[in-house]
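>>> got a sequence here, can you build the structure:
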Amino acid sequence: MEEFIEKDGKKLRFGYTTGSCAAAAAKAAAWMLLTGQKKETISLTTPKGVTLTLAVEDISMGPDRVSCAIRKDSGDDPDVTDGCLIFAEVTAKEELGIAIDGGPGVGRVTKKGLDQSVGNAAINSVPRQMIRENLEEILTLTDSHCGLNVVISVPEGEKLAKQTFNPRLGIVGGISILGTTGIVEPMSEKALIDTIRVELNQRRASGQNYVLLTPGNYGCDFIRAGLALNAEQAVQSSNFIGKTLDICRELGFRGALLVGHIGKLVKIAGGMMNTHSKYGDCRMEILAAHAGIAGLSPEKIGEILQCVACDDALRIIKDAGCFEKTMTGLTEKVMFHLRHRAGEDMEIGTILFSKEYGLLAKSDNAMELIEKITKG
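A predicted model of the protein is given here:
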């Protein structure tokens, strides 16, 4: 695919989703089944309005079945499915209608709260609609009066799924067939936020009223070692703290506890609800300000402003004897901004830690929220 987007001064190429691959493979297989003619390229229009013309691979034609594949191209977006083959096998049936299922390498849903019901193949709604619409087009073009069975499979899917969120979400046996636009936008923040929404929605659908949040792997490690909790309970928000809280409110959670490394959460004290470095790096300025309020000397404040890592700044604050007061003030400011974003109807709390010093500070309600979270 030769469409590009400019991001951070770089020209990045768009790709297409597993959903587009599945729909294209099904369309090509249906055409070959109903016409008896081999087809080596296939075109389809994605929900985004982009028309794709894709090479058809691994064609296998029989009298009552056709199987073929489309190779996934993620463009310049890092994706574990890039380059894998998405297969569709199409067979005819007497009853009208189109039946869609997953074969080897396509995951099966085992928990509530996902796009598909428990027991269904993890082929999401938009890809299912794309498959259905493209097969209906082929039935019309060939003037065929039959139904079609479609089975989507991904030979590498079970192995690839181990590198995705699927095991956490209760999708077993393979990858998901995804996509809402049919197109992969490089470094898409929307895709990450959609993943967070799926996991939160699943927790809510299972009856959870309180949720444990953390930006990433450091937080999961601390939850496991420092709080002796099951890290699998935590939903990873990445840098999207504000968006994650918005989704929590939207889904009706009663409360959330945010556990994070000070390198991320110190930015919240400055009102930054997306903590990615491209939006700014105010860590040392905020730490220096709160340490100054706590009594740190101007000379030591200057040293903090020269620090690169938060642990270096914390060492200066500890040595000066104003650590506890600094952490109290910092946590109050973090809570101020978290409460503002969470709103009045959702209880919010926080725990701050560092890799070197462990637990640094926690909100007054943190332990109470942990108890509510563990009780479900």
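>>> would you list every one of the helices in the stretch 251-376 of the chain?
In the stretch 251-376 of the chain, the helices defined using DSSP state H, counting those that start in this stretch lie at 262-268, 283-293, 298-305, 310-319, 323-342, 366-375.
>>> so which elements touch the first one?
Spelled out, that is helix 262-268. helix 283-293, helix 310-319, helix 323-342, strand 347-354 (3 or more C-beta pairs under 8 Å, 6 or more residues apart in numbering; DSSP states H and E). Glycine gets a C-beta too; all of them are placed from N, C-alpha and C.
>>> before we move on, back to that, the helices of the stretch 251-376 of the chain: which one's closest to residue 224?
Closest approach to residue 224 among the helices of the stretch 251-376 of the chain (C-beta to C-beta): helix 366-375, 13.5 Å.
>>> re earlier: okay if I get the helices and strands packed on helix 262-268 as JSON lines plus distance to residue 44?
Formatted as JSON lines, the helices and strands packed on helix 262-268 follow (distance: least, C-beta to C-beta, whole Å):
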{"stretch": "helix 283-293", "distance to residue 44": "47"}
{"stretch": "helix 310-319", "distance to residue 44": "50"}
{"stretch": "helix 323-342", "distance to residue 44": "41"}
{"stretch": "strand 347-354", "distance to residue 44": "45"}
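>>> mind checking which of these is nearest residue 241?
Of all the helices and strands packed on helix 262-268, it is helix 323-342 that lies closest to residue 241, at 7.8 Å by C-beta to C-beta.
>>> buried ones in the closest one?
323, 325-327, 329-331, 333-335, 337-339, 341-342 (16 or more other C-beta atoms under 10 Å).
>>> out of those, which one sits closest to residue 301?
The closest of the buried residues of helix 323-342, once distances to residue 301 are taken by C-beta to C-beta, is residue 326, at 11.2 Å.
>>> picking that back up, columns distance to residue 12 and mean pLDDT on top of the helices of the stretch 251-376 of the chain, output as TSV?
Converted to TSV, the helices of the stretch 251-376 of the chain look like this (distance: least, C-beta to C-beta, whole Å; pLDDT from 0 to 100):
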stretch	distance to residue 12	mean pLDDT
helix 262-268	26	96
helix 283-293	28	97
helix 298-305	35	96
helix 310-319	31	95
helix 323-342	30	98
helix 366-375	39	94
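>>> looking at the ones you listed, which is nearest to residue 227?
helix 366-375 (7.0 Å).
>>> of all the helices of the stretch 251-376 of the chain, which one is nearest residue 137?
helix 323-342 (45.6 Å).
>>> among the helices and strands packed on helix 262-268, which is nearest residue 15?
helix 323-342 (33.0 Å).
>>> quick check: angle from the closest one to helix 283-293?
If you take axes from the mean of the first three to the mean of the last three C-alpha atoms, to 10 degrees, helix 323-342 sits at 120 degrees to helix 283-293.
>>> just checking, what packs against helix 323-342?
Using 3+ C-beta pairs under 8 Å, 6+ apart: helix 323-342 touches helix 241-251, helix 262-268, helix 283-293, helix 310-319, strand 347-354, strand 358-362.
>>> now do the contacts for residue 27.
Taking C-beta atoms under 8 Å, 6 or more residues apart in numbering, we find residue 27 in contact with 42, 44, 131, 134, 135, 137, 138.
>>> please repeat the previous calculation with a cut-off of 10 Å.
Residue 27 makes contact with 39, 42-44, 54, 56, 68, 70, 88, 90, 130-131, 133-135, 137-138, 150, according to C-beta atoms under 10 Å, 6 or more residues apart in numbering.
>>> please narrow the residues you listed to those residing in helices.
If you go by DSSP state H, the contacts of residue 27 have 130, 131, 133, 134, 135, 137, 138 in helices.
>>> how much space between the fifth one and residue 129?
As defined by C-beta to C-beta, to the nearest Å, residue 135 lies at a distance of 11 Å from residue 129.
>>> how about the contacts made by residue 311?
Contacts of residue 311 by C-beta under 10 Å, 6+ apart are 261, 262, 263, 354, 355, 356, 357.
>>> surely residue 109 is in contact with residue 116?
Yes: the criterion here is C-beta atoms under 10 Å, and residue 109 meets it with residue 116 at 4.9 Å.
>>> just the buried members of the contacts of residue 27?
Here, 16+ other C-beta under 10 Å leaves 39, 42, 44, 54, 56, 68, 70, 88, 90, 130-131, 134-135, 138, 150 buried among the contacts of residue 27.
>>> so which pair among these is furthest apart in space?
Applying C-beta to C-beta across the buried ones among the contacts of residue 27, the maximum distance is between 39 and 130, 17.7 Å.
>>> any idea which of the ones in helices among the contacts of residue 27 is closest to residue 180?
Using C-beta to C-beta, residue 130 comes nearest to residue 180 of these, at 10.3 Å.
>>> where does the protein have low pLDDT?
1-10, 187-188, 376 (pLDDT under 70).
>>> ok, and the closest non-adjacent residue to residue 357?
residue 314 (5.9 Å; C-beta to C-beta, 6 or more residues apart in numbering).
>>> and the one you found, how far from residue 202?
To residue 202, residue 314 is 36 Å away according to C-beta to C-beta.
>>> just to revisit the earlier point, higher neighbour count, residue 109 and residue 116?
The neighbour comparison of residue 109 against residue 116 (other C-beta atoms under 10 Å) goes to residue 109, with 23 against 19.
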